[in-house]
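Participant: build me a structure from this.
(one chain, ligands or ions: 1)
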Amino acid sequence: MNRLDGKVALISGAARGIGAETARLMVEAGAKVAIGDVLDERGRETVRALGDGAIYLHLDVTSPEDWNAAVAAAMTRFGGLDILVNNAGLFLGKGLEEANLDEWHRLVAVNLTGVVLGTKSALPALRDSGVKSQHGSAIVNLASVAGLVGSQLDPLYSLTKGGVTLFTKSTALEFARKGYRIRVNSIHPGVIQTDMGEQTFAARAHNLGSNDVEASRRVALSAHPIGRLGTPNDIAKGIVFLTSDDAAFMTGAGLVVDGGLTAQ
Ligand SMILES: NC(=O)c1ccc[n+]([C@@H]2O[C@H](COP(=O)([O-])OP(=O)(O)OC[C@H]3O[C@@H](n4cnc5c(N)ncnc54)[C@H](O)[C@@H]3O)[C@@H](O)[C@H]2O)c1
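Facilitator: I've put the predicted structure just below:
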């Protein structure tokens, strides 16, 4: 179950957090993994812990040149590309009245343009490998619960993640219509304990009119009926499933991994 033997994956924003844990589980599941990020030192450290099954590549997801170079490097090193995880993302944590236009453009560049460029750059390689494998190749896009329901903390982030949710469904349909054997699915985490998770606690504390991050963490916790916050491992397991042949009949779907947050 959930094996990725012989597969090659490229994961954006995987120097730390959910992406790094996904890389670790993918290597454990038998895949070769290329990690791209702008945090070069952290990315190299993450790769060192993974051994021969992983390489680090400098990849700013807003740059078409970086994407093309990353796809080429992954293919040269590992002989193909079967899986793309569009994981890199930014959270702003400001209300509409506080956010400025430059901040919005930055969010769009990373959370939306980054996903479009990644999908476009990897498409020829994924199309080729899809033909050769029994259940095709796979893309997973990191959306969020904030791409399914409104966000009290960050309407601009929510707007970008809503875009990722529908881009996932639309590309799944486009590729299927064209006969490409590429499955495209999104994953929708609740609040996950990463650097970005910490950023959400700080934003919530600010909104509550205090700097009490612990109180803010408790409020976030109480929004998750399952009784705890998520871990990178909770999400990485979902991503490995979606990219494996166990999800062979899934495309255009969203996997919600949120401890019950959006069930209420
Ligand atoms: N943590 C959460 O609560 C949560 C919830 C829902 C969705 N998500 C989504 O999951 C994904 C991973 O988040 P995380 O919690 O691991 O966050 P994180 O901040 O720990 O990691 C994000 C990574 O993206 C990288 N990144 C940022 N800009 C980049 C760029 N221009 N090019 C390449 N890499 C870039 C960062 O350097 C970092 O390594 C994001 O898309 C995020 O929106 C996170």
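
Participant: can you tell me the SS state at residue 90?
Facilitator: Using DSSP: H, G, I helix; E, B strand; the rest coil, the secondary structure recorded for residue 90 is coil.

Participant: direction included, what does the longest strand along the chain pair against?
Facilitator: Criterion DSSP state E: the longest strand present in the chain is strand 182-189. Here strand 182-189 has these sheet partners by DSSP bridges: strand 137-142 (parallel), strand 254-257 (parallel).

Participant: neighbouring contacts of the helix of greatest length in the chain?
Facilitator: Ranked by residue count and defined by DSSP state H, the top helix of the chain is helix 155-177. The contact list for helix 155-177 (C-beta atoms under 8 Å, 6 or more residues apart in numbering) reads 86, 90-96, 99, 103-104, 107-108, 111-112, 115-116, 119, 139, 141-144, 146-148, 150-151, 182-186, 188, 251-254. For the C-beta atoms, the positions are set from N, CA and C on the backbone; glycine is no exception.

Participant: deepest in the core, which of the strands paired with strand 182-189 is it.
Facilitator: Highest mean neighbour count among the strands paired with strand 182-189 (mean count of other C-beta atoms under 10 Å): strand 137-142, with a mean of 27.

Participant: what segments of the stretch 1-150 of the chain are strands?
Facilitator: Here the stretch 1-150 of the chain has its strands, by DSSP state E, counting those that start in this stretch, at 8-12, 32-37, 54-58, 83-86, 137-142.

Participant: between those strands, which one is closest to the ligand.
Facilitator: When the strands of the stretch 1-150 of the chain are compared by C-beta to the nearest ligand atom, strand 137-142 sits nearest the ligand, at 3.8 Å.

Participant: please convert the strands paired with strand 182-189 to a markdown table, extending it with mean pLDDT and distance to the ligand.
Facilitator: A markdown table is the format used below for the strands paired with strand 182-189 (pLDDT from 0 to 100; distance: least, C-beta to the nearest ligand atom, whole Å):
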| stretch | mean pLDDT | distance to the ligand |
| --- | --- | --- |
| strand 137-142 | 99 | 4 |
| strand 254-257 | 98 | 9 |
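
Participant: wait, which of these is closest to residue 41?
Facilitator: Closest of the strands paired with strand 182-189 to residue 41 is strand 137-142, at 22.7 Å (criterion: C-beta to C-beta).

Participant: write out the residues of this structure neighbouring the ligand.
Facilitator: Contacts of the chain with the ligand, taken as C-beta under 6 Å from any ligand atom, map to 12-13, 15-19, 37-39, 59-62, 87-90, 110, 142, 144, 189, 191-192, 194-197, 200.

Participant: show me those residues that map onto helices.
Facilitator: Members of those lying in helices (criterion: DSSP H): 17, 18, 19, 195, 196, 197, 200.

Participant: near the residue in the stretch 51-200 of the chain positioned nearest to the ligand, how many other residues are there?
Facilitator: Closest contact between the stretch 51-200 of the chain and the ligand, by C-beta to the nearest ligand atom, is at residue 89 (2.3 Å). Number of residues near residue 89 (other C-beta atoms under 10 Å) recorded here: 25.

Participant: also residue 93?
Facilitator: Neighbours of residue 93 using other C-beta under 10 Å come to 22.

Participant: tell me the pLDDT of it.
Facilitator: pLDDT, residue 93: 95.

Participant: ramachandran angles for it?
Facilitator: phi 80, psi 30 (degrees, to the nearest 10).

Participant: that older thread, which pair of the ones in helices among the residues of the chain next to the ligand spans the longest distance?
Facilitator: Maximum distance among these (C-beta to C-beta): 17.2 Å, for 19 and 200.

Participant: which one of these two has more residues nearby?
Facilitator: Shown here are residue 19 and residue 200; by other C-beta under 10 Å, residue 19 has more neighbours (29 against 22).
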